[in-house]
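Colleague: Need coordinates for the following:
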Amino acid sequence: MKTPFLQYVSEARVVRRNADLQRFTFQEIQERIYLSFLTLSLLKNFEQTAGWVKKYGNETLTYGTFDRVRTTANDLHNMLAVVDGDKNIINKLANKNQANALRQRSSLPTLAVKRYLRKFADDYQFLTNLENALAIKNADYRNLRRAISDYRNLDANRKKVTVTRLLQALRAKLPGTDLAKKAEEFSNKQKLELDNVIDAERNTKDVPMTPEELTAYRILVGPSNIRRAKMAYDMAKQGKGIAGHLASSYAPIMQMVDDIAKGGFTFVRLLKSIAERAKNSKK
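Modeller: Okay, the predicted model is just below:
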């Protein structure tokens, strides 16, 4: 049976020791702190996970302050130490020069953080203040904050969309952590995750395209929309919902098809003929 000490050491995955910090920028740590609190705020709503959330909050507060990174502390404590502890910790980060400037301009509401970890109350006010303090600019995460703060009042589908988006963010930014595992475990049991919600964490740079496709899409939708337009097509092909920014990237192609349809039968036949020739050329 694992002792609490060994459990901390084996489960903390983001920042276990100072050396781990070189993998992250200051902004990435800030973002992961924010996602951690969003997860706790969500899971506290459920009877099955409320006790676990309280326990995690107490563990985060074990040492009273967030002065330094400890191998026996959980992930959230150690990340909070980066933004609230000894300023020399900043020098371990990947962008230490920029991090020092950012640290000087930001100030963690430490007392509010400790109070929230003890009581988990006033979600909207706390998360909004934390968002500002951590300079969170990601619009998707800010939308998550609004939904999670009002989770109990959401309709069933909106609740599932919120859980799904949070899980996507956790898999991308906090994989393997206690928070991510608990959120995934609970979601699986309650069947809260949807399979038709576009993954906003997916980087458009990862969309595979041949040189010919890159050239063609550049002509069709413009250089700034190339991979987003291709992603929109891939999502539609899979029967998944398409986010607004992806749909708008593909809009020039839809407009072109619409213009052809309005032009009449001759233009439509010509389009179909060209499409058939293009398909046969790949055989």
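Colleague: Every contact and neighbour count from this point should use C-alpha atoms.
Modeller: Fine.
Colleague: domains of the protein?
Modeller: 4-190, 204-281 (automatic domain parsing).
Colleague: for the chain, longest helix please?
Modeller: When the chain is parsed with DSSP state H, its longest helix is helix 244-263.
Colleague: Helices along the protein, start to end?
Modeller: 4-11, 26-43, 47-60, 75-84, 96-105, 110-119, 123-133, 139-149, 156-173, 178-190, 211-221, 226-237, 244-263, 265-281.
Colleague: With respect to residue 67, which of those helices lies nearest?
Modeller: Nearest to residue 67, of all the helices of the chain, is helix 75-84, at 5.4 Å by CA to CA.
Colleague: Convert the C-alpha atoms of that closest one to CSV, please.
Modeller: Output of helix 75-84 as CSV, limited to C-alpha atoms (Å, rounded to 0.1, in the frame of the first residue of the first chain):
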residue,chain,number,x,y,z
ASP,A,75,1.0,19.9,-8.9
LEU,A,76,-1.2,22.9,-8.0
HIS,A,77,0.9,23.8,-5.0
ASN,A,78,4.1,23.6,-7.0
MET,A,79,2.7,25.7,-9.9
LEU,A,80,1.4,28.3,-7.4
ALA,A,81,5.0,28.5,-6.1
VAL,A,82,6.1,29.6,-9.5
VAL,A,83,3.8,32.7,-9.5
ASP,A,84,3.8,33.3,-5.8
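Colleague: And for it, what's in contact with it?
Modeller: Applying CA atoms under 8 Å, 6 or more residues apart in numbering, the set of residues contacting helix 75-84 from outside is 12-16, 26, 29-30, 32-33, 36, 60-61, 66-70, 89-90, 103, 107-108, 110, 177.
Colleague: Any stretches of the stretch 1-150 of the chain with poor pLDDT?
Modeller: Low-confidence segments of the stretch 1-150 of the chain (pLDDT under 70): 1-13.
Colleague: Would you mind saying which of the domains of the chain lies nearest residue 197?
Modeller: Of the domains of the chain, the one closest to residue 197 (CA to CA) turns out to be domain 204-281, at 5.9 Å.
Colleague: Mean confidence (pLDDT) on that closest one, please.
Modeller: For domain 204-281, the mean per-residue pLDDT is 82.
Colleague: ok, residue 185 - contacts?
Modeller: No residues are in contact with residue 185 under the rule CA under 8 Å, 6+ apart.
Colleague: Begin at 7 from now on, thanks
Modeller: Done: numbering now begins at 7, and the last item shifts to residue 191.
Colleague: State the distance from it to residue 166.
Modeller: 15 Å (CA to CA, to the nearest Å).
Colleague: now the angle between helix 217-227 and the longest helix of the chain, please.
Modeller: 70 degrees (axes from the mean of the first three to the mean of the last three CA atoms, to 10 degrees).
Colleague: What residues of helix 250-269 count as buried?
Modeller: 252-258, 266 (16 or more other CA atoms under 10 Å).
Colleague: same for it, what does it pack against?
Modeller: Applying 3 or more CA pairs under 8 Å, 6 or more residues apart in numbering; DSSP states H and E, we find helix 250-269 packed against helix 217-227, helix 232-243, helix 271-287.
Colleague: Just give the closest residue to residue 65, not the sequence neighbours.
Modeller: In this structure, residue 65 finds its nearest non-sequential neighbour in residue 80, 7.1 Å apart by CA to CA, 6 or more residues apart in numbering.
Colleague: For residue 146, see how far away the residue most central in space within the chain is.
Modeller: Nearest residue to the geometric centre of the chain (CA atoms, centre = their mean): residue 175, 2.6 Å. Applying CA to CA, the value for residue 175 to residue 146 is 9 Å.
Colleague: And residue 112, by the same measure?
Modeller: Distance from residue 112 to residue 146, by CA to CA: 22 Å.
Colleague: now do residue 191
Modeller: With CA to CA as the criterion, residue 191 and residue 146 are 23 Å apart.
Colleague: Read off the pLDDT value for residue 199.
Modeller: Model confidence at residue 199, given as pLDDT, is 87.
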